[in-house]
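*Asks:* okay, here's the prediction I keep looking at, along with the sequence it came from:
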Amino acid sequence: MTLKKGDFIEIEFTGKLKDGEIFDSNIKEDLKKLHEGHDHPIETKPFVFGLGEQMFLNSVDDFLIGKDIGKYELELTPEKAFGLRNQKLIMRIPTKVFREHKINPVQGEVFNFDGRLAKILSISGGRIIADFNNPLAGKEVVYKINVKRKIDDLNEKIKAMIEFFFKRELNFEIKDKKLFLGIEEPLKKYAEMFRDKFKGLFGLELEVRTAKNDKKEKPEVHNQ
């Protein structure tokens, strides 16, 4: 079975640096190595994504298109993986940004600035130096991938897309060529941005139904 762009597949994978250090995986044994020393349960779940839909690293997508179900190993240069380091992405941030969110900056920790991750390199007076480069920028990486199956079930494909867009599961229903999606009122406009995506991939008209939101909104800057 040859894989093509637009196919949804389930994979097991592990991403490593050239020296063998694991940085990402959905395999329990490898996740234990990644989180060695941390006292919390290791949870894994299947990873389902659409080839060519920018749901995974583009170079991995390109490699898998044209392949069959099976196991593969792929080595990527920094340019093909997470990019080269960019000195322009090392920035100074006023400490008042942290004070406004009641956060104590700590050297070496990673924070989220409006959806952009940054590592605190140094703290001096009223200025903080933060590195917005991807932590894996400039590094060669190796992916071991086991393509387990191609997904044919429409519900499973849509579930994967929803989890990718919203980072969690949401209630949905397919009826009369329409996809009814339940989401909190503040996220309604965001959800409606994906109308064309669902229409193009699945031929379904997206209709968003609102539900109560009991979760507190997160600050723009928070610990990771």
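*Replies:* Great, that's in hand.

*Asks:* show me what contacts Leu117?
*Replies:* 110-111, 132, 134-135, 224 (C-beta atoms under 8 Å, 6 or more residues apart in numbering). No exception for glycine: its C-beta is placed from N, CA and C like everyone else's.

*Asks:* you'd agree it is in a helix?
*Replies:* No - if the criterion is DSSP: H, G, I helix; E, B strand; the rest coil, then Leu117 is strand and not within a helix.

*Asks:* related to what we said a few turns ago, by neighbours, which of the contacts of Leu117 wins?
*Replies:* Of all these, Phe111 has the most neighbours under the rule other C-beta atoms under 10 Å, reaching 22 neighbours.

*Asks:* these two touch, right, it and Ala118?
*Replies:* Yes - assessed by C-beta atoms under 8 Å, Phe111 is found in contact with Ala118 at 5.9 Å.

*Asks:* identify the contacts common to those two.
*Replies:* With C-beta under 8 Å, 6+ apart, Phe111 and Ala118 have common neighbours Ala130.

*Asks:* show me what counts as buried in the longest helix along the chain.
*Replies:* Longest helix in the chain, counting residues (DSSP state H): helix 154-166. Along helix 154-166, these residues count as buried under the neighbour rule (16 or more other C-beta atoms under 10 Å): 157-163, 165.

*Asks:* same check, this time on stretch 102-114
*Replies:* By neighbour count with 16+ other C-beta under 10 Å, stretch 102-114 contains the buried residues 103, 105, 111.
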